[in-house]
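Engineer: structure of the sequence below:
(2 chains)
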2 protein chains.
Amino acid sequence: MLSINEGRSIPQMAHFQRIAVVGAGLIGGSVLLAAHRRRLAAEFRSWSRSEAARETLRGYGAGEVCATEAECVQDADLVVVATPVDAAAATFRALAPHLRPGCLVTDAGSVKAAVVAAAGAALPNTVKFVGAHPMAGSEKAGARHADASLFERRTCYVTPAGTEGRGAVERVHAFWRSLGCVTVETDPESHDAVVAAVSHLPHAAAAALMLAVADTPGFRAEAAGSGLRDATRIAAGEEHLWVGILLDNAGRVAAGLAVLESRLTALRTALERRDADAVRRILSEARRIRQSLDRPA
Amino acid sequence: MLSINEGRSIPQMAHFQRIAVVGAGLIGGSVLLAAHRRRLAAEFRSWSRSEAARETLRGYGAGEVCATEAECVQDADLVVVATPVDAAAATFRALAPHLRPGCLVTDAGSVKAAVVAAAGAALPNTVKFVGAHPMAGSEKAGARHADASLFERRTCYVTPAGTEGRGAVERVHAFWRSLGCVTVETDPESHDAVVAAVSHLPHAAAAALMLAVADTPGFRAEAAGSGLRDATRIAAGEEHLWVGILLDNAGRVAAGLAVLESRLTALRTALERRDADAVRRILSEARRIRQSLDRPA
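Structural biologist: Down below sits the predicted model:
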């Protein structure tokens, strides 16, 4: 179902009259900075629920920072929703009465099936929604870490529902490409299966590993080296973002965790039996797969 | 039991007549390069089981590369054993008849209780053994990746058995410090408890995670981002080295894996129940601990 959409029909640079960014954490703030720097619209507006984040947005000097969602999206021809995924449905409902007919709406959420369904249920037929997920970000959250170059050369999934028409889908491709992304088109369910494997399961596993390491009698934070730091780095991510992500993809993540539990049980049993061949097979297979991640496709 | 030994009695630079390095992978090769560059001895000898590694050693221009272990350690006043930990006992037995009386022997193994016991059993009373573990290395194995600066500012555990006398212990501290390490003294069992938590359990967990991710239906290597790469990086380590390490510390690693399995089960159950509060508590606690790793002690 995945295809890297490099169709020549997609313009290299998107351009809009007025871009509205709703929700200004790391991703929303970076969208605003990147789009403003690249002059992707004549006007920019942004809004965030928190006054502290709005203050940060004002510091960007990237268009008007609005006090309400309604004012932010008024007359916009592109609206980028960058709230946490567990706030997406409420955000769509709040925006719906204020969107200009013909407006294009995209988002940046890490889970797509639930968000695309919420958009379909909440938004009026007079606007087009095309979900997206730029694979960018870090364990540093908040608009104060926003970066105009955050999206450069990062994969961005574009996940049409299938009913919005190619024109809208290609405008959304062009928008994310204009921010520096390489876009990949897939359906929402396939997207969620991919990120369950390469992002959500590793995140859940890193959190559990951090707790297990801290439970181990010999643990001393000052003894941590680069191996432990790297293995658990993603566990430093904002829990308020990640609770929503893991719950919106809970079925797949839980299935992945069950597989991980059985892999760990097999390795533990091999160690308990001092079965060197079994331990070697497990480590050798894991090494082979890990090395394949670094090979060019 | 841990103490950072900064006693003024320990000389800042160690100096020897002849240093012999036995086993030349990443660590042994780096010891040879670092000690040679710092002129820690008048003469250097090295030996490796493999002709390919001996050829690499010859390329260093760091003293004589010997064809046999016996020739390598002859007349040496410091012998550094840098073979894989599962070869340590056999190496000590092979060297024992050839060591000069008064010779000091140290090692670089990642597990200490088993290695210190093996040295005690195999080496003659006329020599002194003081185990050590420099916390350096990477998933890149082999003498061809050796680096004279590998040990700079890295922690090195020095793990006396308690019977070798302070003079020998302090000479071994001074040697590893001369290579750039910060030495920390502890008993072998406490060392093994620390590395079970901060190194061996994370290594085992990363291997199991890599296998579980690859088992997950949506997995595509080309979709892997920095989160997955970091979380599994250590799983690219040489399995021949790591089988010995995990087996020599199998009891503690298996106990840590059992804790990890129960942490994962708790998180999976919370996801299956869509229990946002329970998921948030787990992620929040993991984040707090992970952030503490980056704080200065």
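Engineer: low-confidence ranges in chain A?
Structural biologist: A:1-12, A:295-297 (pLDDT under 70).
Engineer: please enumerate the strands of the stretch 101-250 of chain A.
Structural biologist: For the stretch 101-250 of chain A, the strands defined by DSSP state E, counting those that start in this stretch occupy A:104-107, A:128-129, A:131-134, A:155-159, A:182-185.
Engineer: so how far is the first one from its chain's centroid?
Structural biologist: Between the centre of strand A:104-107 and the centre of its chain there are 14 Å (Cα atoms, centre = their mean, to the nearest Å).
Engineer: show me where the stretch 51-200 of chain A has helices.
Structural biologist: A:51-60, A:69-73, A:88-95, A:113-122, A:166-178, A:188-195 (DSSP state H, counting those that start in this stretch).
Engineer: okay, these in TSV with mean neighbour count and distance to residue B:248 next?
Structural biologist: In short, each C-beta sits where N, CA and C put it, glycine included. As requested, the helices of the stretch 51-200 of chain A are arranged in TSV below (neighbours: other Cβ atoms under 10 Å in any protein chain shown; distance: least, Cβ to Cβ, whole Å):
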stretch	mean neighbour count	distance to residue B:248
helix A:51-60	16	51
helix A:69-73	20	60
helix A:88-95	20	50
helix A:113-122	20	47
helix A:166-178	21	50
helix A:188-195	23	38
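Engineer: dump those helices to CSV, plus distance to residue A:220.
Structural biologist: Below are those laid out as CSV (distance: least, Cβ to Cβ, whole Å):
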stretch, distance to residue A:220
helix A:51-60, 35
helix A:69-73, 48
helix A:88-95, 41
helix A:113-122, 41
helix A:166-178, 44
helix A:188-195, 34
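Engineer: format these as a markdown table; extra columns: distance to chain B.
Structural biologist: Shown next, in a markdown table, are those (distance: least, Cβ to the nearest Cβ, whole Å):
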| stretch | distance to chain B |
| --- | --- |
| helix A:51-60 | 20 |
| helix A:69-73 | 24 |
| helix A:88-95 | 14 |
| helix A:113-122 | 12 |
| helix A:166-178 | 16 |
| helix A:188-195 | 3 |
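Engineer: contact partners for the residue lying closest to residue A:92 once chain neighbours are set aside?
Structural biologist: Closest residue in space to residue A:92, ignoring its immediate chain neighbours: residue A:122 at 3.6 Å, by Cβ to Cβ, 6 or more residues apart in numbering or on different chains. By Cβ atoms under 8 Å, 6 or more residues apart in numbering or on different chains, the residues touching residue A:122 are A:89, A:92, A:93, A:96.
Engineer: same check, this time on residue A:165
Structural biologist: Neighbours of residue A:165 in contact, by Cβ under 8 Å, 6+ apart: residue A:128.
Engineer: distance check, it against residue A:172.
Structural biologist: Distance, residue A:165 to residue A:172, by Cβ to Cβ, to the nearest Å: 11 Å.
Engineer: out of the strands of the stretch 101-250 of chain A, flag the one nearest residue A:46.
Structural biologist: strand A:104-107 (14.7 Å; Cβ to Cβ).
Engineer: partners of that closest one, with directions?
Structural biologist: strand A:78-81 (parallel), strand A:128-129 (parallel) (DSSP bridges).
Engineer: got the contact list for the most centrally placed residue in chain A?
Structural biologist: Chain A has residue A:110 as the residue nearest its centroid, 3.4 Å off, counting by Cα atoms, centre = their mean. By Cβ under 8 Å, 6+ apart, residue A:110 lies in contact with A:85, A:133, A:195, A:199, A:200, A:241, A:245.
Engineer: how about residues contacting the top helix by length along chain A?
Structural biologist: What stands out as the longest helix in chain A, according to DSSP state H, is helix A:250-272. By Cβ under 8 Å, 6+ apart, the list of residues contacting helix A:250-272 from outside reads A:192-193, A:196-197, A:200-201, A:204-205, A:246, A:275, A:278-279, A:282, B:204-205, B:207-209, B:211-213, B:215-216, B:218, B:246-247, B:250, B:253-254, B:257-258, B:260-261, B:264-265, B:267-268, B:271-272, B:274.
Engineer: how close does the spatially closest residue to residue A:264 that is not a sequence neighbour sit to residue A:257?
Structural biologist: Spatially, and ignoring its direct neighbours in sequence, residue A:264 is nearest to residue B:208 (4.7 Å; Cβ to Cβ, 6+ apart). Applying Cβ to Cβ, the value for residue B:208 to residue A:257 is 11 Å.
Engineer: between the two, point out the one with more neighbours.
Structural biologist: residue B:208 (31 against 24; other Cβ atoms under 10 Å in any protein chain shown).
Engineer: correct me, but the more buried one touches residue A:285?
Structural biologist: No - Residue B:208 lies out of contact with residue A:285 (Cβ atoms under 8 Å); the separation is 10.5 Å.
Engineer: now for residue A:276: which residues touch it?
Structural biologist: B:243, B:247.
Engineer: now residue A:53
Structural biologist: Here residue A:53 is in contact with A:24, A:25, A:29, A:142, A:143 (Cβ under 8 Å, 6+ apart).
Engineer: the last one and residue A:27 touch, don't they?
Structural biologist: No - Residue A:143 is not in contact with residue A:27 according to Cβ under 8 Å; the separation is 9.4 Å.
Engineer: how many neighbours does residue A:251 have?
Structural biologist: So residue A:251, with other Cβ under 10 Å, has 12 neighbours.
Engineer: residue A:237 now?
Structural biologist: Residue A:237, neighbours per other Cβ under 10 Å, totals 23.
Engineer: which ones are touching it?
Structural biologist: Residue A:237 neighbours (Cβ under 8 Å, 6+ apart): A:139, A:141, A:203, B:283, B:287.
Engineer: apply 10 Å and report the result again.
Structural biologist: Contacts for residue A:237 (Cβ atoms under 10 Å, 6 or more residues apart in numbering or on different chains) come out as A:137-141, A:203, A:206-207, A:245, B:227, B:283, B:286-287, B:290.
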